[in-house]
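Enquirer: I would like the atomic coordinates for the input below:
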Amino acid sequence: MYESDNPEHYKKDGIETWDAIGSQMSDEEEIGYLKGSAAKHLFRFGYKGGLTLDKAIMDIMKAMKYLQKLLDKLNGLKNEGTKMADVGKPTNVRDLFKDKDDR
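Expert: Numbering: from 1, shown residues only. Okay, here's the model as predicted:
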């Protein structure tokens with residue numbers, strides 16, 4: 001397992017950073033954020049942190065995590081009947097901290 005597999009410093013009170021960021025965006029913005037983040041890790045493949053196989057593997061794993069998050073987002077929108085042309089309104093990050101019964 002590599003250090004990028006779900007580090008604790010990307011969570012606050014059990015909330016993933018990318019979920020908090022995405023909660024402040026429309027669906028279109030969140031899709032762009034996830035797509036751009038995946039591309040960022042692919043573009044720096046093998047360059048950040050030295051030219052080692054471990055660092056290269058970590059870059060690919062990070063890109064894959066963003067791509068999986070993007071795929072989950074798109075599947076969720078599809079299941080809701082949303083079309084790509086539809087632009088949702090961002091929600092408030094505080095909503096992530098509410099109990100599920102309060103939503």
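
Enquirer: show me where this protein has its strands.
Expert: 11-12, 15-16 (DSSP state E).

Enquirer: lowest average pLDDT across those?
Expert: Mean pLDDT is lowest for strand 11-12 among the strands of the chain, at a mean of 60.

Enquirer: where are the low-confidence patches of this structure?
Expert: Within the chain, the ranges that satisfy pLDDT under 70 run 1-13, 49, 84-103.

Enquirer: in it, where's the longest helix?
Expert: helix 53-79 (DSSP state H).

Enquirer: flag every buried residue along that helix.
Expert: By neighbour count with 16 or more other C-beta atoms under 10 Å, helix 53-79 contains the buried residues 55-56, 58-59, 62-63, 65-67, 69-70, 73, 77. Every C-beta, even on glycine, is put in place using the N, C-alpha and C of the backbone.

Enquirer: in stretch 14-27, what counts as buried?
Expert: 18, 20, 22-23, 25, 27.

Enquirer: now those as a markdown table including distance to residue 44?
Expert: Shown next, in a markdown table, are those (distance: C-beta to C-beta, whole Å):
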| residue | distance to residue 44 |
| --- | --- |
| 18 | 18 |
| 20 | 23 |
| 22 | 22 |
| 23 | 26 |
| 25 | 23 |
| 27 | 27 |
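
Enquirer: now, which of the residues you listed sits nearest residue 37?
Expert: Residue 37 lies nearest to residue 18 out of the buried residues of stretch 14-27, by C-beta to C-beta, at 7.8 Å.

Enquirer: show me the contacts for that closest one.
Expert: Listed by C-beta atoms under 8 Å, 6 or more residues apart in numbering, the contact set of residue 18 reads 10, 33-34, 37, 66, 69.
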